[in-house]
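1. I need the structure of the sequence given here:
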Amino acid sequence: MARPILTATEMRRLEQHAFEAGTDEYALMERAGAALAEATLRFAGARETLVLVGKGNNGGDGYVAARLLVEAGASVRIAAVGEPTADSAKLAAKDWSRPVEAIDENTAPADLVLDCLFGTGLTRPIDEDIAEPARRLFTAARRVVACDLPSGIESDTGAILTDLGPADLTVTMGALKPAHRLSPAMQACGRVASAAIGLETQSDWFEIAEPDLPALDAQGHKFDRGMVHCLSGAMPGAIALSAHAAARAGAGYVRVSTSRMIDGLPSSVVQTEDAGALDDERIGCLLVGPGMGDIPPLLTVALTKTHPLVLDADALRHVGEPDRLAGHDAILTPHEGEFRALFGDLVGSKADRALLAAQQTQCVIVYKGPDTLVAAPDGRLGFAPPAPAALATAGAGDVLSGIIAAMRARGMEPFEAACAGVWLHGRAAEACDIPFIADDLIAALPDVM
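-> Okay, here's the model as predicted:
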């Protein structure tokens, strides 16, 4: 099931709505602190623990968690940046009957640190008189568990305003935040666990989950499973990866237009020089761009057809003005350099830029990177779950475009096809031995699917 993702403003609005509907603010903090304590115990057990608390509600969650960890048998100390200022945090602090230390150069380290300093509202760097001892304590701990977000991270953009070091586990309250799935913050969060605290969360932004793939029709034939047609260019090895991936991702028929035979393709992938093949009404998706090189007529030909499109790599360099894509049923798969070349320096976070690009082109955008996003013109935004860093290897993008083309040819809507391709691509990477090459991703697809 897809986990919703909320910005800081949306999260505050959701909480306020719950309070207006009768939810007690301190009861909500009790739930959050209990969830943090439970996740901490499951992750690290009852051990020597230092809870670092701020003045706001994030600190209040820490006071509640500390009390419950003591009840579970852990040895717990609290070190605070000062007296609580939020009303619920004040109540939580009153329920803590033990001493509270100050966070400074004399604070002793512990085996486990709970980071409850700053939550989703942080918009500026942390003062160094707090950051320096916190950084030392994080480094000395064997495990760090963060409440909602590791301190020093901006919730909506994923920017690291102050680097205190990574968490091993982040327990997010109510919903994921953009920073949990945006770089560089994503890499600082460690494992991310979602805590249900009684808030009804719905959002057009979500973490991409396991797709519901089209079922195979027992009475169907190969064209019912979708035909992917690929256009070969100057570097046929790239389109060979795409075509092979499309076949392994379940397309019933894969064909490549090429002026010369491509070695290494499965025999089941048809290679043709027939220019009229592009007019085949059975084509479910036309893929152009991988290995295309400096041959812009290939893109021009593709844009004269009415087939659903996947545009990748060199095809994106030859689009020119994004408005050229208006009216086309297309999925674009740019990495950062290709995105900037096509759309220029759009403002905002990566999430904002992805949505602006989707609205400008009226196409689905797969904005690739360690934090891949899938944006739809209607405002839906899928955030890819983490994938191995080894996925940054030559040809991996060609494999992704082939998988997406197969999903589209099989009848999935553009946004759903792109999300499915991204999810399958990441899971194939997880199934491979590291280091791996792009061909290994294709070999892993049957087991993943």
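
2. show me where the stretch 251-400 of the chain has its helices.
-> With DSSP state H, counting those that start in this stretch as the criterion, the stretch 251-400 of the chain has helices at 296-303, 314-317, 336-343, 350-361, 396-409.

3. and the residue nearest to residue 338 when sequence neighbours are not counted, what's its pLDDT?
-> In space, and not counting its chain neighbours, residue 338 is closest to residue 316: 4.6 Å by Cβ to Cβ, 6 or more residues apart in numbering. Every residue, glycine included, has its C-beta placed from N, CA and C. Turning to residue 316, the model gives it a pLDDT of 97.

4. hang on, residue 316 packs against residue 332?
-> Yes - counting by Cβ atoms under 8 Å, residue 316 touches residue 332, with 6.4 Å between them.

5. which neighbours do the two have in common?
-> Residues touching both residue 316 and residue 332 (Cβ atoms under 8 Å, 6 or more residues apart in numbering): residue 342.

6. show me what contacts residue 362?
-> 325-327, 377.

7. now with 7 Å, please.
-> Shown in contact with residue 362 (Cβ atoms under 7 Å, 6 or more residues apart in numbering): 326, 377.

8. and it, how close does it get to residue 255?
-> Noted for residue 362: a distance of 28 Å to residue 255, by Cβ to Cβ, to the nearest Å.

9. can you give me the strands for the stretch 151-300 of the chain?
-> 169-173, 191-195, 205-207, 227-231, 253-257, 270-272, 283-288 (DSSP state E, counting those that start in this stretch).

10. which of the ones you listed sits closest to residue 320?
-> strand 283-288 (14.8 Å; Cβ to Cβ).

11. other residues contacting the closest one?
-> By Cβ under 7 Å, 6+ apart, strand 283-288 touches 226-231, 242, 298-299, 302, 305, 307-311, 315, 401-402, 405, 408-409.

12. relative to that strand, what are the paired strands and their orientations?
-> Here strand 283-288 has these sheet partners by DSSP bridges: strand 227-231 (parallel), strand 309-312 (parallel).

13. of those strands, which approaches residue 149 most closely?
-> Here strand 309-312 is closest among the strands paired with strand 283-288 (Cβ to Cβ), at 33.5 Å.

14. average model confidence for the closest one?
-> The average pLDDT within strand 309-312 is 98.

15. give me the distance from it to the chain's centre.
-> 21 Å (Cα atoms, centre = their mean, to the nearest Å).

16. kindly report the same for stretch 227-236.
-> Distance, centroid of stretch 227-236 to centroid of chain: 29 Å (Cα atoms, centre = their mean).

17. residue contacts, residue 262?
-> Residues in contact with residue 262 (Cβ under 7 Å, 6+ apart) are 232, 236, 240, 256, 271.

18. give me the pLDDT for it.
-> Per the predicted model, pLDDT is 95 at residue 262.

19. that one and residue 270, how far apart?
-> If you go by Cβ to Cβ, the gap between residue 262 and residue 270 works out to 11 Å.

20. what's the longest helix in this protein?
-> Using DSSP state H, we find that the single longest helix of the chain is helix 25-44.

21. that helix versus strand 169-173: what angle between them?
-> On the basis of axes from the mean of the first three to the mean of the last three Cα atoms, to 10 degrees, helix 25-44 is oriented at 160 degrees to strand 169-173.

22. against which helices or strands is helix 25-44 packed?
-> helix 57-71, helix 87-94, strand 143-147, strand 169-173, strand 191-195 (3 or more Cβ pairs under 7 Å, 6 or more residues apart in numbering; DSSP states H and E).

23. list the buried residues for it?
-> 25-26, 28-41, 43-44 (16 or more other Cβ atoms under 10 Å).

24. helices or strands next to the helix or strand following that helix in the packing?
-> Next along the chain after helix 25-44, taking DSSP states H and E as the criterion, comes strand 49-53. Counting contacts by 3+ Cβ pairs under 7 Å, 6+ apart, strand 49-53 packs against helix 57-71, strand 76-80, strand 112-116, helix 128-140.

25. and among these, the most buried is which?
-> The highest mean neighbour count among those, using mean count of other Cβ atoms under 10 Å, belongs to strand 112-116: a mean of 28.

26. check which helices and strands that strand sits against.
-> Looks like strand 112-116 contacts strand 49-53, helix 57-71, strand 143-147 (3+ Cβ pairs under 7 Å, 6+ apart).

27. pull up the pairing partners for it, direction included.
-> The pairing partners recorded for strand 112-116 under DSSP bridges are strand 49-53 (parallel), strand 143-147 (parallel).

28. what mean pLDDT does stretch 341-360 get?
-> The average pLDDT within stretch 341-360 is 97.

29. so what's the gap between it and the chain middle?
-> On the basis of Cα atoms, centre = their mean, stretch 341-360 sits 17 Å off its chain's mean C-alpha point.

30. what about the stretch 251-400 of the chain, any weak spots by pLDDT?
-> Across the stretch 251-400 of the chain, not a single residue meets the criterion (pLDDT under 70).

31. residues touching residue 138, list them.
-> 113, 144, 164-165.

32. re earlier: ok, so of the contacts of residue 262, who is nearest residue 5?
-> Nearest member of those to residue 5, counting by Cβ to Cβ, is residue 240, at 36.1 Å.

33. what is the neighbour count of that closest one?
-> 27 (other Cβ atoms under 10 Å).

34. residue 233 versus that one, what's the distance?
-> 11 Å.

35. and if you look at residue 182?
-> 33 Å.

36. likewise residue 71?
-> 66 Å.

37. contacting residues around the residue nearest to residue 291 when sequence neighbours are not counted?
-> Spatial nearest neighbour of residue 291, chain neighbours left out: residue 238 (3.0 Å); criterion: Cβ to Cβ, 6+ apart. Each residue near residue 238 by Cβ under 7 Å, 6+ apart is listed here: 290-291, 313, 395, 398.
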